[in-house]
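Peer 1: Take a look and give me a structure for this.
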Amino acid sequence: GVGGMSVVGQLAPIFKGVGYSAIMMVFLENVYYIIVITWTLFYLFNTFMDLPSLPWSDCSKGNGTWATVSCWAPESGIPYTESVAAMNNISEADTETAVEQFWRNEVLHASDGIEEIGEVQWDLFICLIVAWALVYGFIWKGLHNSGKLLWVCAVFPYIILSILCVKALTLEGASEGLKFLFTPEWERLYEAEVWIDGGTQIFFSYGVGIGSLLALGSYNKFHHNCHRDAIFVCCVNSFTSIFSACVIFSILGYMAHQKGVEVGEVVQSGPALAFLVYPEVVLAIAPSPFWAFLFFIMLLNLGLDTQFSSVESLMTGLVDNWPEQLRPHRKKFTLGMTVFMCLLGLPMITRGGIYVFQLMDFYAASGLSLLWCVFFQTIAICWVFGAKKFYLCIEEMIGYRVSMYWYVCWVFLAPAFMVFIFVFYFVRYSPITMGAYHYPAWGEVLGFAISLSSMLWVPGYAIYYLLSTKGSWSEVLRQGVTPVIKPRKEAVMAEEKARLTYQDVRDVELNIEEDLCDESFVSYDSKKCLGE
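Peer 2: From the prediction side, this is the model:
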């Protein structure tokens with residue numbers, strides 16, 4: 001396995017900071033994304049706490065703990081006029097369901113803002129430890145040894161999502177939710193957040209820019225059809241997004257119908273959406289605990305699948321940059337990093353943790369920082385290394401030329417689109433919010449500091465390279481844009497095998513093995529020469 005974070009630095013040494021930027025982003029992503037898995041485990045454990053029903057099925061189950069006077073669950077069968085909310089003069093539109101209050105008051109114990117961090121929630125702390133234990137248990141040997149597990153994680157969610165989709169589409173009000181989903185609001189195109197969220201969501205969901213796809217793809221054979229895989233991944237990913245959106249908005253339409261409000265007013269968007277929507281729909285499917293269990297197992301699979309890839313990408317990137325120090329101790333190093341990242345996640349399981357999580361989600365590995373990193377990756381590969389060379393490299397691997405459309409995208413369309421989004425974001429800048437909550441000024445400063453922690457590596461390393469490399473300015477610049485990429489043994493063998501007949505293949509393998517023992521050879525490998 002070779003990490004994608006070292007590739008850019010080999011193609012254009014002066015842009016090696018792009019790799020460090022990606023490492024920082026993946027590191028921050030691993031710290032905060034595990035919290036989603038933590039919340040999922042909390043729900044999964046609580047599924048069995050109130051059999052044969054669910055803890056969030058009715059407001060009465062939270063009396064004296066998480067349920068307030070504004071709690072009213074329409075599915076409980078109690079008319080609004082006879083509810084506790086009505087008796088306290090709370091309008092029907094201002095009530096909250098048991099699912100909403102369970103999430104906010106039992107899972108999060110949320111404070112009123114990031115100013116009130118509060119104490120660590122110990123039940124979430126236990127779930128956080130379990131989550132990291134699961135991740136480490138599967139990646140300590142490397143993901144290439146967990147192929148069957150990844151297949152299960154990839155296929156199982158579609159089965160559960162399909163069942164939930166059938167039920168969601170039959171709920172009263174589902175059509176209104178779908179209408180809301182597919183009715184465009186053109187005026188929102190003037191909002192900078194819509195553009196940067198849409199653009200970086202594509203990068204994030206496809207794994208672009210953070211090295212995970214390159215790290216996993218490095219386990220493929222040299223002539224593997226990566227072009228076909230790229231098209232397939234994009235199609236499946238887009239289909240999954242639309243499919244899951246149909247399920248979510250069908251349920252939102254049902255919830256809006258139950259409360260008598262517009263779909264856009266039923267819940268606030270944000271990281272909590274899945275934990276408000278899906279727990280609601282399982283209440284309408286009997287037996288509810290069984291379907292809740294399957295759903296949260298599905299969500300756990302999805303979360304672990306993403307976390308596996310991200311942690312593998314981080315570990316491979318770090319080991320690639322410091323191979324002599326880290327490769328012999330990879331398992332211990334991975335354990336140390338998981339413990340370190342677990343400790344850094346503690347602020348997000350406090351009473352104010354959801355606000356910290358929102359900051360991390362927006363500024364750490366998406367938004368400006370991800371856009372910045374992908375832009376310079378594109379420039380380094382397509383403008384410095386050369387899109388024509390890249391184009392021919394793909395042809396050599398897969399055996400045919402891809403459409404020139406991709407060449408135009410790499411060189412012109414993608415960089416122009418990223419520059420447009422970046423500039424438009426600052427021209428139409430609006431402060432970050434979470435529902436009705438507005439972050440204080442220092443919260444936004446903290447968010448930009450999180451982004452800069454990864455963005456500054458690009459110009460910082462370029463300046464360091466210019467100042468530390470010996471030679472005149474022109475010589476240093478020439479070196480900085482000259483590839484120093486080292487061909488892998490598999491790539492060298494594949495090139496030679498393509499030119500020779502089958503009878504000569506074994507001779508080539510022996511010659512390359514001898515070359516590997518020559519310290520002057522570019523891919524010298526001391527371990528193989530020593531018979532290790």
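Peer 1: any low-confidence regions in the stretch 251-400 of the chain?
Peer 2: Within the stretch 251-400 of the chain, the set of residues satisfying pLDDT under 70 comprises 266-271.
Peer 1: what ranges do the helices span in it?
Peer 2: Secondary structure of the stretch 251-400 of the chain (DSSP state H, counting those that start in this stretch): helices located at 263-266, 273-282, 288-321, 323-326, 330-344, 353-363, 367-378, 387-398.
Peer 1: Reformat the ones you listed as a markdown table; add distance to Cys234 and mean neighbour count.
Peer 2: For the C-beta atoms, the positions are set from N, CA and C on the backbone; glycine is no exception. As requested, those are exported to a markdown table (distance: least, CB to CB, whole Å; neighbours: other CB atoms under 10 Å):
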| stretch | distance to Cys234 | mean neighbour count |
| --- | --- | --- |
| helix 263-266 | 29 | 17 |
| helix 273-282 | 23 | 22 |
| helix 288-321 | 16 | 22 |
| helix 323-326 | 32 | 11 |
| helix 330-344 | 29 | 16 |
| helix 353-363 | 23 | 24 |
| helix 367-378 | 15 | 24 |
| helix 387-398 | 16 | 15 |
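Peer 1: With respect to Trp195, which of those helices lies nearest?
Peer 2: helix 367-378 (10.1 Å; CB to CB).
Peer 1: which helices and strands does the closest one pack with?
Peer 2: Contact here means 3 or more CB pairs under 8 Å, 6 or more residues apart in numbering; DSSP states H and E; on that basis helix 367-378 packs against helix 16-46, helix 192-206, helix 414-427, helix 441-455, helix 457-468.
Peer 1: Just the residues contacting that helix, thanks.
Peer 2: Outside helix 367-378, the residues that touch it by CB atoms under 8 Å, 6 or more residues apart in numbering are 8, 15, 18, 21-22, 25, 196-197, 199-200, 203-204, 208-210, 363, 410, 414-415, 418-419, 421-422, 425, 450-451, 454-455, 458.
Peer 1: Please name the residues that touch Leu169.
Peer 2: Residues near Leu169 by CB under 8 Å, 6+ apart: 246, 250.
Peer 1: Now do the same for it: its pLDDT.
Peer 2: On the pLDDT scale, Leu169 is placed at 87.
Peer 1: Repeat that for Arg488.
Peer 2: You'll see Arg488 listed with a pLDDT of 69.
Peer 1: Likewise for the one 10 residues further on?
Peer 2: On the pLDDT scale, Ala498 is placed at 62.
Peer 1: With distance to Glu185 as added columns, please give the helices of the stretch 251-400 of the chain in CSV.
Peer 2: Formatted as CSV, the helices of the stretch 251-400 of the chain follow (distance: least, CB to CB, whole Å):
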stretch, distance to Glu185
helix 263-266, 9
helix 273-282, 18
helix 288-321, 28
helix 323-326, 49
helix 330-344, 38
helix 353-363, 21
helix 367-378, 21
helix 387-398, 37
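Peer 1: Among those, which comes closest to Val233?
Peer 2: helix 288-321 (12.0 Å).
Peer 1: Who are the packing partners of that closest one?
Peer 2: helix 16-46, helix 122-139, helix 147-169, helix 212-217, helix 273-282, helix 330-344.
Peer 1: tell me what the fifth one is packed against?
Peer 2: Contact here means 3+ CB pairs under 8 Å, 6+ apart; on that basis helix 273-282 packs against helix 16-46, helix 98-101, helix 147-169, helix 226-259, helix 288-321.
Peer 1: what do you get if the cut-off is 6 Å, keeping everything else the same?
Peer 2: In this structure, helix 273-282 packs against helix 98-101, helix 226-259, helix 288-321, with contacts taken as 3 or more CB pairs under 6 Å, 6 or more residues apart in numbering; DSSP states H and E.
Peer 1: Phi, psi for the nearest residue to Phe275 once chain neighbours are set aside please.
Peer 2: Closest residue to Phe275 apart from its sequence neighbours, by CB to CB, 6 or more residues apart in numbering: Trp103 at 5.3 Å. Here is the backbone geometry of Trp103 (degrees, to the nearest 10): phi -60, psi -50.
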